[in-house]
Structures are given as C-alpha cells and as structure tokens.
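# output the structure for:
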Amino acid sequence: MGQRAFAWLWGMLAVVLCGIATPASARDYHLGDLLCVGGAVSASEAFDLPAHALDCSTTRFANRSPFLRTHADVVGLVPSGEGALFWQTDPSSFDSMLLLFTYDNGEQRLVDVDPQMAARNWFVRTRFSVPVPEVDAELVAIDAVIERPRTYATARDVRLVAVVEAMKQHYSRSLVYALVCGLLIAPLIFDLLFLRMLRSRFILWHMGLTFGLLGFVYFNSGLVFASFPDFPLDARYQLNTLTLAFATACAVMFALDITEEGFVAAGIRKVLIALVTFMLVIRFAMMLDLEIWRMNDYNLYLFSILPVSIALIAAIFCAFKRGSRVAIYLLAAFFPILVGGVIRLLMEFTFVSKEFPIDDLLFLAMVLLVLGTSAAVGDRFMVLRVERDRARINALKMQRMAHSDALTGVANRRAFDALERIEDGQALIMADIDHFKAINDAMGHAVGDAVLADTAGTFRRAFSDDKSARIYRLGGEEFAVVFDCWDQQTLRDTAEAVRRKVDGVKRRREGDLPNVTISIGGTLGRGRSLARVYEEADKALYRAKQSGRNRVVISG
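Prediction:
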C-alpha cells in the first residue's frame, strides 16, 4: 500500500508539472536582465544618478543602500499597438517607491507607490501591478527608486505585462490558489475527527502543519487581499514567513512523533530540534528589521530551512531502512517540498530561471505534503487503534481472569468483595454443599473438584433466564448469588427452586459423581452495605445447616 501511495503522489506531481511548466506568454516582458542598479541616501539623490553610472554587472542587486535606483531601457521591447500595460514586481516589503516612465517624445510620468497601493493592486503569483501611463508615444525607459526594500526580488523581478494577459492570469490563478486552500482545509476536518477518537500528539502536530501551510498559501498568494483589501503589506510579508516557519517546525515534530518508537535515533532527534530552533531564532530576528542585514535576513532565513529539510528527509530515510511502516508515507510526502525548496534557493542565486513556475510547484508540493502526511496519520491511527483495542481486550481478559474462579468459571471472592452494597430490589443467597469434606475424604480431591464444577453448572442453569444474576464461589464449597428480587416470598421460591435442582441431579449416571445437596440462607438487600447483608445471609445459612441441611432459611 505504501509503494502504491508513493507512485500515486509522484504521478500527480508529474501530471501537474506538465500542466504548469508552460512557456511564458509572449505578452509578458521581463525586465530583470535589462536592469542596472545604483544606491543613494535619498530619493532625489537616487534619481540624480546618471544612467551610465549605474552598475550593470551580475552582482548589481547586492547593493544595500537605503534608496535603491533601477533603470531599464525598453526601446522596442513592447510591440507597437500592444495596448494598456502593467508594471509588476514582487512587493515583499518596502517603505516607499517612485516609478518614472520615459517616452520617446521626451515626456515623463512619475508614479508614487506606497505599500498600501501595492496591497490594493495585488496580482497572483506574488506580484503587484502599477498601470503604465498611456501616452501617444513609445515607452523607452523605466526608472524605479525603492526605499528600504526587504528582499532583492522587489528590485529584480520586474516585468511589463499586457493588461488583458494579466487579468486572465489573475482570474485563473486565483481560482487555483483558492482550490489549494480548500484542499488544505479538508485534512483539518479529518484531524479533528481523528482527535476525538484518539488523543495523540502527532495529530495535533499535523493540524499545526496543515494550518501553517494553509496560512502560507493564503498570505503568499495574495488571497488575503481579496478578503481584506486594506491588509498591511508588511504584515502580509511577516505572516507569510512566520506561517512557513511554523509549518516547518510542526512538520519536524509531526514526523518525529508519528514515527514508531525506536526508529529515529536520539542523536538525530536532538540535531533536528536544534536546527528548528536555529531557524525560528533567525525568523524572529527578521522582525527586528535591522538595517545592517536588511537585504540578507530573508535569504538567511531560507537557508536555515534547507538543513532542517535535509536532516528531516535523512531521519525519515533511516527510519524507512529500519523497517518503519509510516516512513514510506513520509518520504513520499516530504520529498517534493524539499525539491521545491532547493529550486527556490537556486532561483535566489540565479542558478534557475526566474520564469520557472516555482510558486505553482511549491503549492502543489504543499498539497502533496498534506495529503501524504494525512495518509500517514490515517495509517498510524488504524495501527494505534488496533493496538489500543487489543490492549483493552487483553486488559478485560486479565480483569475477567482476576475476578473469575478458575475451577468453576463463576466469579470469585475478589469480585464478590468488590460489591459495595446490595441494592434495594436485589437479594443475596448463600449456599453450602452439604458434607463436602466427607466427599473429599472418601473419594479424593479430584472428585471433590468435579462436584464443585458440576454444582456451579447447576447454578448457572438455574439462573439462565435471569440476566441480572451474578454467581460467585466464595471459597471451598460455598457459593453466593446476587439477583433481582423485591420480596421475601420470591426470594424463598427462587432459593427453593435452586435447592431442588441441585438435589435432583443424578450425577452417578454422568461421570460417576456422588449426589449432593445444598443448604441455603438468603436475605433482601434493601440498599444496605455488603458486609451487613452478607452477615445476615450467613447467619441464615448457619441456621439451615443446624436444622438438618438440604433446606432454605430466609432471614427476617
């Protein structure tokens, strides 16, 4: 079953990758390779930098000045008659932004972009859009000045997109990301159902993992702005990375908890917890927004996730090699997200094209992660449920054995003493086999044991129609029965019926056993303590034996 699940998950991954890894639209014009970069301490100083003085080298985006200036010559990039355009970039978080559009007739248009404008003009795939001013001339250059960007992507991942094309992408992708959120909500419902039936910590960790990934998709995709148009841009950026860190930490704890005991070495557990702690420290340090590492803290945070992921995959693989049943599900679930994370890091360092659909891959990997781990939860739940039920059955068997008489099969003295009282509407009869010592002395203890077992069987047959009756062997040849009874006449009739049944059994015809008789003492419970009712019934039994045996005496 585990291998089929593995093949199914990877088959789904291949199908979806074929669907999303399509060439970029011809109406999507990427400016990243055209950009040159410069830095300054104010917006006016940044705009005063001449274009020829800007850095166009491969390391140009490493500039960490408070105001970052970018320039791109776009002469001939957009075909004439293209129509309305959007300027787009990855917003992440920034303080302010100025865009200067220059046309071939010398005209310039300046657009002031504040963070909330970026939030209101959000487009899916982690972009926001600024309408390019329409002028009866050809666009030849675009300059941008960004105040305190938090990531390199804000200055680097710039493009021009035809408005018609952008709106199509926004609509279709929004539906896809909403579907992804729906797929992530469903496992939370199942986790709640599992938690009602099995209080296990790994289910809570799985809920945290799923909730964290749901939050990441919700904030990263920009769906938060569809629900809350005025949601602060910096809050989205912070929650975007916080939810991912939370999901990563929960994923590690989930994998460690759900894996069978002994399959993950203690040393590996400590390493994983240490790496998760380091990642969380880095993430919370980002919230300080220190200028000294403003542009590098995000990449450092991404790098801190990578060793956690690698160590986690290694731990799961070791558990798989040791024969862990649940490890096959975890390998299938976690490997796609590891691949996506590595590609995301390579994109940050330009080893992979920026056109690679990384958001689609990561969201798909997250869905596969939740589905795969949900399968692991279901499998582990069934195993633990079976083990718990088996343990419960064994406990009941042990309890039954502890409260049963091994010779006769009826309840023993321990079970009888566990009764606190004989309730109103119940009665107690005590019976003693007459002259039982003589049987043991004359015929041996083996015959005596057979007589005890046979007599207990007669008691069971006598009360076979009374589901409330409970028969006890108190020790030696003494028996007790507690059953429903409201009056003394019914008690006397029942006791007499039992006595006659024992007396009427002709045992010598079956197993060469001696015929026996019993003496019975009985009393009504009336809600009194067991000790008082027992004492009263025992005295009645004593009177029955003193009166000649093979008779019934009812107290009162």
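
# so what's V339 closest to, chain neighbours aside?
A365 (7.2 Å; Cβ to Cβ, 6 or more residues apart in numbering). Yep, even glycine has a C-beta here, placed from its N, CA and C like the rest.

# list the helices and strands the helix or strand where the one you found lies packs on?
Per DSSP states H and E: A365 is located in helix 358-402. Other helices and strands packing on helix 358-402, by 3 or more Cβ pairs under 8 Å, 6 or more residues apart in numbering; DSSP states H and E, are helix 2-20, helix 163-197, helix 201-220, helix 233-258, helix 327-348.

# any chance of these in JSON lines, plus mean pLDDT, distance to D379 and mean neighbour count?
As requested, those are exported to JSON lines (pLDDT from 0 to 100; distance: least, Cβ to Cβ, whole Å; neighbours: other Cβ atoms under 10 Å):
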{"stretch": "helix 2-20", "mean pLDDT": "46", "distance to D379": "8", "mean neighbour count": "14"}
{"stretch": "helix 163-197", "mean pLDDT": "84", "distance to D379": "12", "mean neighbour count": "15"}
{"stretch": "helix 201-220", "mean pLDDT": "91", "distance to D379": "12", "mean neighbour count": "22"}
{"stretch": "helix 233-258", "mean pLDDT": "92", "distance to D379": "9", "mean neighbour count": "21"}
{"stretch": "helix 327-348", "mean pLDDT": "81", "distance to D379": "6", "mean neighbour count": "21"}
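
# distance of G323 from E147?
Separation of G323 from E147 (Cβ to Cβ, to the nearest Å) stands at 57 Å.

# which of the two has more neighbours?
Each of G323 and E147 has its neighbours counted (other Cβ atoms under 10 Å); E147 has more, 16 against 9.

# contact partners for the more buried one?
A43, P66, F67, F94, D95, S96, M97 (Cβ atoms under 8 Å, 6 or more residues apart in numbering).

# from those residues, which is closest to E260?
Each of those was scored against E260 by Cβ to Cβ, and F94 proved nearest at 48.1 Å.

# ok, back up a step: closest one to E82 among the helices and strands packed on helix 358-402?
helix 163-197 (9.5 Å).

# and the angle from the closest one to helix 201-220?
Here the directions of helix 163-197 and helix 201-220 differ by 160 degrees (axes from the mean of the first three to the mean of the last three Cα atoms, to 10 degrees).

# check contacts around the residue positioned nearest the centre of the chain.
Centroid check for the chain by Cα atoms, centre = their mean gives H206 as the closest residue, at 2.3 Å. Residues in contact with H206, defined by Cβ under 8 Å, 6+ apart, are P187, D191, C250, F254, I258, T373, S374, V377.

# and V410, by the same measure?
S404, A456, F459, R460, I471, Y472, R473, F479.

# out of those, which sit inside helices?
A456, F459, R460 (DSSP state H).

# once you drop chain neighbours, what's closest to the second one?
Distance criterion Cβ to Cβ, 6+ apart; nearest residue to F459, sequence neighbours excluded, is I471 at 5.0 Å.

# burial measure for that neighbour, as a count.
Neighbours around I471, by other Cβ under 10 Å: 21.

# show me the contacts for it.
Counted by Cβ under 8 Å, 6+ apart, I471 has contacts V410, A411, A456, F459, R460, F463, F479, A480, V481.

# one step back: which stretch among the helices and strands packed on helix 358-402 comes nearest A155?
helix 327-348 (13.3 Å).

# low-confidence ranges in the stretch 51-200 of the chain?
81 (pLDDT under 70).

# where do the strands of it begin and end?
Per DSSP state E, counting those that start in this stretch, the stretch 51-200 of the chain carries strands over the ranges 67-73, 85-89, 96-103, 108-113, 122-123, 127-131, 139-147, 159-162.

# dump the helices and strands packed on helix 358-402 to TSV, plus distance to V505.
Compiled in TSV, those are given as follows (distance: least, Cβ to Cβ, whole Å):
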stretch	distance to V505
helix 2-20	61
helix 163-197	50
helix 201-220	58
helix 233-258	60
helix 327-348	62
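
# among these, which is nearest L31?
Across these, the minimum distance to L31, taken as Cβ to Cβ, is reached by helix 163-197, at 14.8 Å.

# which strands or helices does the closest one pack on?
strand 85-89, strand 122-123, helix 201-220, helix 223-227, helix 358-402.

# angle of that helix against helix 358-402?
Going by the same axes, to 10 degrees, helix 163-197 makes 10 degrees with helix 358-402.

# quick one: helix 163-197 to strand 127-131, angle?
Going by the same axes, to 10 degrees, helix 163-197 makes 150 degrees with strand 127-131.

# before we move on, back to that, looking at the helices and strands packed on helix 358-402, spot the one closest to S304.
That would be helix 233-258 among the helices and strands packed on helix 358-402, by Cβ to Cβ, at 8.8 Å.

# how far is that closest one from where the chain is centred?
14 Å (Cα atoms, centre = their mean, to the nearest Å).

# which SSE is immediately downstream of it?
With DSSP H and E, the next secondary element past helix 233-258 is helix 266-286.

# average pLDDT for that following helix, rounded please.
Average pLDDT, helix 266-286: 92.

# please apply the same query to stretch 365-376.
84.

# spatially nearest residue to R543, not counting backbone neighbours?
Using Cβ to Cβ, 6+ apart, the closest residue to R543 is V553 (4.7 Å).

# each with direction, which strands does the host helix or strand of that neighbour pair with?
If you go by DSSP H and E, V553 is part of strand 552-554. Using DSSP bridges, strand 552-554 pairs in its sheet with strand 518-524 (parallel).

# would you give the sheet partners of whatever helix or strand comes next after the partner strand, along with the direction of each?
Downstream of strand 518-524, the next assigned helix or strand under DSSP H and E is strand 528-529. Each strand paired with strand 528-529, and its direction, by DSSP bridges: strand 421-422 (antiparallel).

# can you list contacts of the strand it pairs with?
L428, V482, G525, R526, G527, R528, S529, L530, V533.

# just those residues now: which is nearest A327?
Using Cβ to Cβ, the contacts of strand 421-422 come closest to A327 at V482, 53.7 Å.

# then the closest one would be within a helix, right?
No - membership of V482 in a helix is not supported by DSSP: H, G, I helix; E, B strand; the rest coil, which gives strand.

# what's the neighbour count on the nearest residue to it once chain neighbours are set aside?
In space, and not counting its chain neighbours, V482 is closest to R470: 5.1 Å by Cβ to Cβ, 6+ apart. Number of residues near R470 (other Cβ under 10 Å) recorded here: 16.

# same thing with R120?
R120 has 15 nearby residues by other Cβ under 10 Å.

# surely it touches P229?
Yes - contact criterion Cβ atoms under 8 Å: R120 and P229 qualify, at 5.8 Å.

# ok, the spatially closest residue to Y237 that is not a sequence neighbour - contacts?
Spatially, and ignoring its direct neighbours in sequence, Y237 is nearest to S93 (4.0 Å; Cβ to Cβ, 6+ apart). Residues in contact with S93 (Cβ under 8 Å, 6+ apart) are P115, P149, R150, T151, L233, D234, Y237, Q238.
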